[in-house]
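Undergrad: A structural model of the following input is requested.
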Amino acid sequence: MGKVAKDKWDKVIEYLTYPDRDPQKVLSLLKGCDQGNQSNYDINRASYSLNIIAIVTQKQLDPENKDKTLTHIIRHWVKSKDFIQFYNIMKKQENITWDKSKLEDYTKLLKDLWYSKSQSKNKEYFKKMDGFNKTAGANLLEKDSNEELRPKAKIIEKTFDKIKQNERRSRTNVS
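TA: Alright, predicted model coming up:
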C-alpha cells in the first residue's frame, strides 16, 4: 500500500523539487486553491478582469469617445492617474507597480482581456447596464484632485456582488 501511495505522488514531488521552485509560493498557491477559502490574491484576480471590462465598457459608451477606437480608448486610459492607481492597488500583493515603459504591453493585455471569450457575459452585462450608470444608482461620478470625473469606488464592488449573485442563481436553477 505504501508503494502505491508513493507512486501516486511521484510526479508531483518531482515537479516540486526542481531547483527553481519556491516552496513558499507553491504552498501559498495550494492554500489559495482550498475550496471556500479565497485569498486576497484570488479575489483581486477575479475582480481585476471584471473591473477592466466595466470601465472599458463605460469609456466606450462615453459620448466623448464616440468615434474613437478601442485601442485609443484603452491607451488613453492606461496613461491616466486613475489606471495607475487602480493597477498599483490590484497588483500590490504581487509587488508589481505600473511602469511607463510598458504602456503598449498594458494596452495589449487589456485588449486581449476585452476580446477573450471568458469575458463575453461580463461585457453583455455591463452594456445592458449602460456601463456603471444603471448599476449603482444616481450620482455615480465624483471629481478627483484634477477636477476630472471618475467612478466612485463602491460602484465596482456593488456590481461585482450583483454578478456573483446572478451566477449563483443561474447555477441553482440549472441544478
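
Undergrad: Mind listing what's buried along stretch 84-99?
TA: 86-87, 90 (16 or more other Cβ atoms under 10 Å). Placement of C-beta: from N, CA and C, glycine included.

Undergrad: Quick check: end-to-end length of it?
TA: 9 Å (Cα to Cα, to the nearest Å).

Undergrad: go on, stretch 64-80?
TA: First-to-last residue span, stretch 64-80, Cα to Cα: 16 Å.

Undergrad: what does that stretch rub up against?
TA: With contact meaning Cβ atoms under 8 Å, 6 or more residues apart in numbering, stretch 64-80 is reached by 55-56, 59-60, 83, 103, 106-107, 110-111, 114.

Undergrad: How many residues are close by residue 110?
TA: By the criterion of other Cβ atoms under 10 Å, residue 110 has 23 neighbours.

Undergrad: Could you identify the most distant pair in the contacts of stretch 64-80?
TA: The span of those, defined through Cβ to Cβ, is set by 60 and 103 at 19.5 Å.

Undergrad: Those two: who's more crowded?
TA: Counted by other Cβ under 10 Å, residue 60 and residue 103 do not tie: residue 60 has more neighbours, with 19 against 13.

Undergrad: now, which of the buried residues of stretch 84-99 sits nearest residue 11?
TA: Distances from residue 11 to those, taken by Cβ to Cβ, are shortest for residue 90, at 33.6 Å.

Undergrad: My read is that that closest one contacts residue 48, right?
TA: Yes - the pair residue 90 and residue 48 qualifies as a contact (Cβ atoms under 8 Å) at a distance of 5.1 Å.

Undergrad: Quick check: residue 120 vs residue 126, distance?
TA: 11 Å (Cβ to Cβ, to the nearest Å).

Undergrad: Which one's more surrounded, these two?
TA: Between residue 120 and residue 126, residue 126 has the larger neighbour count (other Cβ under 10 Å), namely 26 against 11.

Undergrad: What is the burial count for the nearest residue to that one once chain neighbours are set aside?
TA: Spatial nearest neighbour of residue 126, chain neighbours left out: residue 57 (4.0 Å); criterion: Cβ to Cβ, 6 or more residues apart in numbering. If you count neighbours by other Cβ under 10 Å, residue 57 ends up with 22.
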